[in-house]
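In: Sequence first, then the predicted structure:
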Amino acid sequence: MEITLGEVAALLNGVLEGGSAETRVNGVGTIDAAGPAEISFLTNMKYARRLPDCRAAAVVVDRDAEVDSPVPLIRCDNAYLSFSRLIESFAPAIPLPDPGVHPTAVVEEGVELGEGVGIGPFVHLGRGVRLGDGVRVASGCFIGAETTIGAGGILYPNVVVRERCVISERVILYPGAVIGSDGFGYAPDGPRWRKIPQIGNVIIEDDVEIGANSTVDRGALGPTRIGRGTKIDNLVQIAHNVVLGENCIMAGQVGISGSCKLGDHVILMGQVGVAGHLTLGDNVIAGAKSGISKSIPEGETWLGLPARPTMTTKRIEAAERALPEKLRELRKLSKRIEELERRLAELEG
Amino acid sequence: MEITLGEVAALLNGVLEGGSAETRVNGVGTIDAAGPAEISFLTNMKYARRLPDCRAAAVVVDRDAEVDSPVPLIRCDNAYLSFSRLIESFAPAIPLPDPGVHPTAVVEEGVELGEGVGIGPFVHLGRGVRLGDGVRVASGCFIGAETTIGAGGILYPNVVVRERCVISERVILYPGAVIGSDGFGYAPDGPRWRKIPQIGNVIIEDDVEIGANSTVDRGALGPTRIGRGTKIDNLVQIAHNVVLGENCIMAGQVGISGSCKLGDHVILMGQVGVAGHLTLGDNVIAGAKSGISKSIPEGETWLGLPARPTMTTKRIEAAERALPEKLRELRKLSKRIEELERRLAELEG
Amino acid sequence: MEITLGEVAALLNGVLEGGSAETRVNGVGTIDAAGPAEISFLTNMKYARRLPDCRAAAVVVDRDAEVDSPVPLIRCDNAYLSFSRLIESFAPAIPLPDPGVHPTAVVEEGVELGEGVGIGPFVHLGRGVRLGDGVRVASGCFIGAETTIGAGGILYPNVVVRERCVISERVILYPGAVIGSDGFGYAPDGPRWRKIPQIGNVIIEDDVEIGANSTVDRGALGPTRIGRGTKIDNLVQIAHNVVLGENCIMAGQVGISGSCKLGDHVILMGQVGVAGHLTLGDNVIAGAKSGISKSIPEGETWLGLPARPTMTTKRIEAAERALPEKLRELRKLSKRIEELERRLAELEG
């Protein structure tokens, strides 16, 4: 695709500042790497110092950005989101299976495929699987019996979705993700562990994405549920019977223990762990590597191991840093007190 | 399956309290979700307040549970374990490959298959692989040359077990698990790292389960060994030459570094890490996210980063919480001492 | 292979001490497990006490090792590296696909295969994939359109490399590794998250190894890059646009957030996490489970959560351990000060 800067500005409902509306562009790039036929963006002003070396045709910035640029600017609302739309325009198509069923695929009895479904090589669809319109299932995926996947879903290579799961529309499962494996449930039987059958399933709502090699276990009895619009990064573990709300963000290597209930728009940064049976309210945020061992009320931001409100943790961390010095002070005070006691005893005679 | 409450009580060697022994049930469910033809259970008494809204036909509780219920109860020993047996009775069959070898599977020379072995589509069995009676290998699994898997084993889709591993009876490997990949061993050679061939293998004893996308590396020289009855959750990393004892529990995202030796019935909660070459005695328990950098004697319970005995860590955490306040106190004491010194000097003056 | 101790000594450019140069050996083993026709090694002197029970034909040690051994020794430079070479000599061949394309593999248009390339069963090579001489791709791998893999590369079973990635020579990808999945990038659009297309790729330089079930995401715009000779363990997450230098070591379950830039020979131990957009200089080392939230200058060694220079963290940890006791002291000092104040007031009368 090739369009003019004028067209880009119109597309973003923005204003071109400097440069010619006739300049033609055919791609996007970072401030450092964009070439003269590409557009870049700048939302973090600490990178503004790189503008003089920028070779891009124009740079997308927020409408009110205070920036003085040798490079033409396109000012618009929400530059980050706008640039994201621009990337969509220029993005190369992702190679996914064309409509039709690859001759190597194994399709069991009772499978129902919507319009335009594309099934790649070495895919195995179990009995009674139902795939909505336009679903694409890439090489090596397995979908277990009676599982349904709504319209527009994408399964990248080597994804496994086990039996009886219910996946809604436009869900994306990245390579190697495993949905619906058994929850980790065992009853002690003397020194041994007796497996508790995990007869629930996984329900995934619209527009969810689940990252590469992440795992979402099926419920023990009821379902494990991922709310609409929630995005899960790579190598994340969601245990049985967890309920995630809508539009949550689970960054890489997060782990949520069994039966936790998270509200809407909860954001857990990388490597956070949540202990079992906790409730995190809407809009909770937890900083990277937090170890959450208590329920957290709506809207709070926590951090640390053990996790506490971020301000508390920051104060404790500052105090810790001072601690070796403060313990030396304590020893000195102790000596001064001894000295005072000695002198006072002398005075008291 | 449909049976009566009387039959359920007999099955669990329990006593029906309230309700009719003739009531027919056909499933199990949670306190909140069970319908009038289902049985539920209650072992954590904090959920007893939900009983008035419970629609189940009956609820399984411990024989001596102090609970006053509008819903019929079945009292029995070890309600949790008993209910687990009940779930087994009602669990739907898991779709796994029927006996026989799927025509798409690739079976190399010298493979030996026991009675009733089921091999799914796109499975590759290397030279000399031996599978015991009733082993089922689902779609997309790879089993490397000379590996043996004992009777009753289940490999879910897309599992990889590399060459020369020895897996005993009734072992379950969940989707995407990788057994016998090279251990992470390199010798420094100037600034570069020279790979040390990993010529050991993995030995897995009876009744072990290994979770989705978990990895158990082969030993450098000798084996990596997982003891009988040990259960490993998802996304767990077991490094080369680790020895796990019997009936251990490794929760999600645990990582065990090379050459560690764990005793029997060790329980590591989610995201625990264990440094290399350590020994954890029988019955050690480590709390979630602990970072274990020392060997731990038998029977101890540790927690924290760095991990220490749980009581020590709890005391330190309590002290930390008080720390910012205590440092303010310290400053005040320092001022009071200065003041005392001034006044005392005056008196002495 | 069977060779004499004299030949082994010559191979390692070492000296045989005790024992006969004519003794024949056919393998290697650990101090504890090596049999009379095997060679062992000893570099960690704490294991020297096991020598009296060692049955090996000879033990490789550093030239100047202070060890008194009942077992014949072979003294040489860098015993660890030398023994590693010895293992290479004795290592059994790893079963990988023979040259040729397995009849079940799916090879799309425009694929170019070098000399001696071996493609296993159920492999899918997308349009325009190019594989250099001797590349071996094991069962169930997927390689996306236009991706190139340099000579000597090995892909173990069920690896996924998505489209347009560039992998250099002698790279090893262990089972289940996922290269080039979408980076985790979303722009807020009201309460919802709008996916930002990830149109970059992954570039992997010579001699890199990436562990089982690890994930390396493609860049948002530019590439994610792994420098020559870097070794990555299992279940590691490398986010979009990360740049790793040469000869780095990333141990198990490490996570690197987006756009981090690591220098050469950076060593991150198990379960370390690095926050986004940070820079770690050459030769930085971070201890296990560190949570790195600041850039780290060249050559420093950090530890802890939050990570700080190791000496600082160790001092803080020591102070923490003393903290409950010190807070009790503080209370006592406070009482002694009160007492002093009371007595002084009396004196001042």
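Out: Everything's here; your move. Only a predicted model underlies this, so the values are computations on that prediction, with no experimental measurement involved. Residues are numbered from 1 along each chain as shown, chains lettered A, B, ... in the order given.
In: Quick one: residues contacting A:Ala286.
Out: Shown in contact with A:Ala286 (Cβ atoms under 8 Å, 6 or more residues apart in numbering or on different chains): A:Ile267, A:Leu268, A:Met269, A:Val272, A:Leu280, A:Ile292, A:Ile296, A:Thr301, A:Trp302, A:Leu303, A:Ala307. Where C-beta positions appear, they are placed from N, C-alpha and C, glycine not excepted.
In: domains in chain A, as residue ranges please.
Out: A:3-90, A:159-306, A:311-349 (automatic domain parsing).
In: and the first one, does that touch chain C?
Out: Just to be clear, that refers to domain A:3-90. Yes: judged by Cβ under 8 Å from any Cβ of the partner chain, domain A:3-90 comes into contact with chain C at A:Val28, A:Gly29, A:Thr30, A:Asp32, A:Ala33, A:Asn78, A:Tyr80, A:Leu81, A:Ser84, A:Ile87, A:Glu88, A:Phe90.
In: how about the fourth one, phi and psi?
Out: Looking back up the chat, that one is A:Asp32. Note on A:Asp32: backbone dihedrals following degrees, to the nearest 10 are phi -80, psi -30.
In: Check it and give its pLDDT.
Out: At A:Asp32, the model reports a pLDDT of 88.
In: of the contacts of A:Ala286, buried ones?
Out: Neighbour-count burial (16 or more other Cβ atoms under 10 Å in any protein chain shown) applied to the contacts of A:Ala286 gives A:Ile267, A:Leu268, A:Met269, A:Val272, A:Leu280, A:Ile292, A:Ile296, A:Trp302, A:Leu303, A:Ala307.
In: For chain C, state which of these is nearest.
Out: Checking the buried ones among the contacts of A:Ala286 against chain C with Cβ to the nearest Cβ, the nearest one is A:Met269 at 8.0 Å.
In: Do me a favour and average the pLDDT over stretch A:38-55.
Out: The model assigns stretch A:38-55 a mean pLDDT of 91.
In: now the end-to-end length of that stretch.
Out: Using Cα to Cα, to the nearest Å, the end-to-end distance of stretch A:38-55 comes out at 8 Å.
In: Likewise for stretch A:202-211?
Out: Start and end residues of stretch A:202-211 are separated by 16 Å (Cα to Cα).
In: Name the residues that touch it?
Out: A:150, A:161, A:165-174, A:177, A:179-180, A:216-219, A:223-236, A:246, A:252, C:181, C:184, C:192, C:195, C:215.
In: for stretch A:44-56, same thing?
Out: So stretch A:44-56 is in contact with A:29, A:31-32, A:34-36, A:38-40, A:42, A:59, A:65-67, A:69-71, going by Cβ under 8 Å, 6+ apart.
In: can you give me the helices in chain A?
Out: In chain A, the helices defined using DSSP state H lie at A:5-11, A:79-90, A:310-348.
In: for those helices, which one sits closest to C:Glu112?
Out: Of all the helices of chain A, helix A:79-90 sits nearest to C:Glu112, with 27.5 Å by Cβ to Cβ.
In: Return the list of helices and strands in contact with the closest one.
Out: Helices and strands touching helix A:79-90, by 3 or more Cβ pairs under 8 Å, 6 or more residues apart in numbering or on different chains; DSSP states H and E, are helix A:5-11, strand A:27-28, strand A:38-41, strand A:58-62, strand C:186-189, strand C:192-195.
In: Chain B contacts on the stretch 201-349 of chain A?
Out: A:213, A:215, A:217, A:220-222, A:235, A:237, A:239, A:253, A:255, A:257, A:271, A:273, A:275, A:291, A:293, A:305-306, A:308, A:312, A:315-316, A:318-320, A:322-323, A:326, A:329-330, A:333, A:336-337, A:340, A:343-344, A:347.
In: Can you flag the buried ones in those residues?
Out: Among those, the ones that count as buried by 16+ other Cβ under 10 Å are A:213, A:215, A:217, A:220-222, A:235, A:237, A:239, A:253, A:255, A:257, A:271, A:273, A:275, A:291, A:293, A:305-306, A:308, A:312, A:315-316, A:319-320, A:322-323, A:326, A:330, A:333, A:336-337, A:340, A:343-344.
In: Please consider this matter closed, and thank you.
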